[in-house]
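Trainee: Have a look; sequence and predicted model below, questions after that.
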Amino acid sequence: MDGPTGVLVVTGTGTGVGKTVVTAALAAAALARGRTVAVLKPAQTGVAPGEPGDVAEVTRLAGPVTAVEPARYPEPLAPATAARRSGLPPVDPAVIAKTARALAEEHDLVLVEGAGGLLVRLDDAGATIAGVAGLLRAPVLVVAAAGLGTLNASELTAEALRARGLACPGIVVGSMPAAPGLAERCNLTDLPAVTGLPLLGVLPAGAGSLPPEVFRAAASGWLAEPLGGPGRW
């Protein structure tokens, strides 16, 4: 599941696709196998001081992980824009990579959760989570939506990863409706076909609203074997 540094980067095809809940499921599955886990969120946007962010949500759902959030900006914008508007320093990819490496020395698995999609800007110089993954030589897991529009967004993300020489173990659908429509059902077959990447998991809609003990018990079952689950989708 992880790369040579013990790091897995989690990105999405866009915002609101379920990256944080998938990150929590990955962490819960690893913890259930006795592994130590750290979760690094390079830039948290759209939260006030003292308000819990994504790493707090992962900890709530998954259990005892080391949670690290180096930068936080109050407005719900891309990190580069949020940093500029707040007057706070932007994220430094080299510092994020150094932090991830340090965490990897003390943990079996480090999950780096990006903001939005693969090429969302972290600073005005054009840094992205793809660049962080490149510095780390870490694989990038893609979290995709279930419904209409996901094929195009997922294929674009897969092409961007290949163009940058970044490894990708596969795709996870972040939120599948309990009663999926025609598009959602077809996409389970079409996502691997259009991206050339295996489908490695499907999380049910509302997974993040489950009680933590229920979430932890179910998390591995939502994932395929390469991600710590029971088998192939």
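Mentor: Sure, I can see it.
Trainee: Just after the longest strand along the chain, pick out the following helix or strand.
Mentor: Secondary structure of the chain per DSSP state E: the longest strand is strand 109-117. Going down the chain from strand 109-117, the next helix or strand is helix 129-136, by DSSP states H and E.
Trainee: Tell me how far the longest strand of the chain lies from the chain's centre.
Mentor: Distance of strand 109-117 from the chain centroid (Cα atoms, centre = their mean, to the nearest Å) equals 4 Å.
Trainee: Quick check, A71 in contact with A43.
Mentor: Yes: contact criterion Cβ atoms under 8 Å: A71 and A43 qualify, at 4.7 Å. (C-beta placed from N, C-alpha, C; glycine too.)
Trainee: and these two? which has more neighbours close in?
Mentor: Relative neighbour count places A43 above the other of A71 and A43, with 25 against 21, counting by other Cβ atoms under 10 Å.
Trainee: mind checking how far stretch 193-209 is from the chain centre?
Mentor: Using Cα atoms, centre = their mean, the offset of stretch 193-209 from its chain centre is 12 Å.
Trainee: Between the two ends of that stretch, how far is it?
Mentor: Terminal residues of stretch 193-209 are spaced 31 Å apart (Cα to Cα, to the nearest Å).
Trainee: where do the strands sit along the chain?
Mentor: Secondary structure of the chain (DSSP E): strands at 7-12, 37-40, 44-45, 66-68, 72-73, 109-117, 140-144, 171-176, 199-204.
Trainee: Adding distance to T81 as columns, could you present those in JSON lines?
Mentor: JSON lines is the format used below for these (distance: least, Cβ to Cβ, whole Å):
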{"stretch": "strand 7-12", "distance to T81": "18"}
{"stretch": "strand 37-40", "distance to T81": "21"}
{"stretch": "strand 44-45", "distance to T81": "9"}
{"stretch": "strand 66-68", "distance to T81": "23"}
{"stretch": "strand 72-73", "distance to T81": "9"}
{"stretch": "strand 109-117", "distance to T81": "11"}
{"stretch": "strand 140-144", "distance to T81": "22"}
{"stretch": "strand 171-176", "distance to T81": "24"}
{"stretch": "strand 199-204", "distance to T81": "29"}
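Trainee: mind checking how far G6 is from K19?
Mentor: The gap separating G6 from K19 is 20 Å, by Cβ to Cβ, to the nearest Å.
Trainee: between these two, which one's more packed in?
Mentor: K19 (26 against 21).
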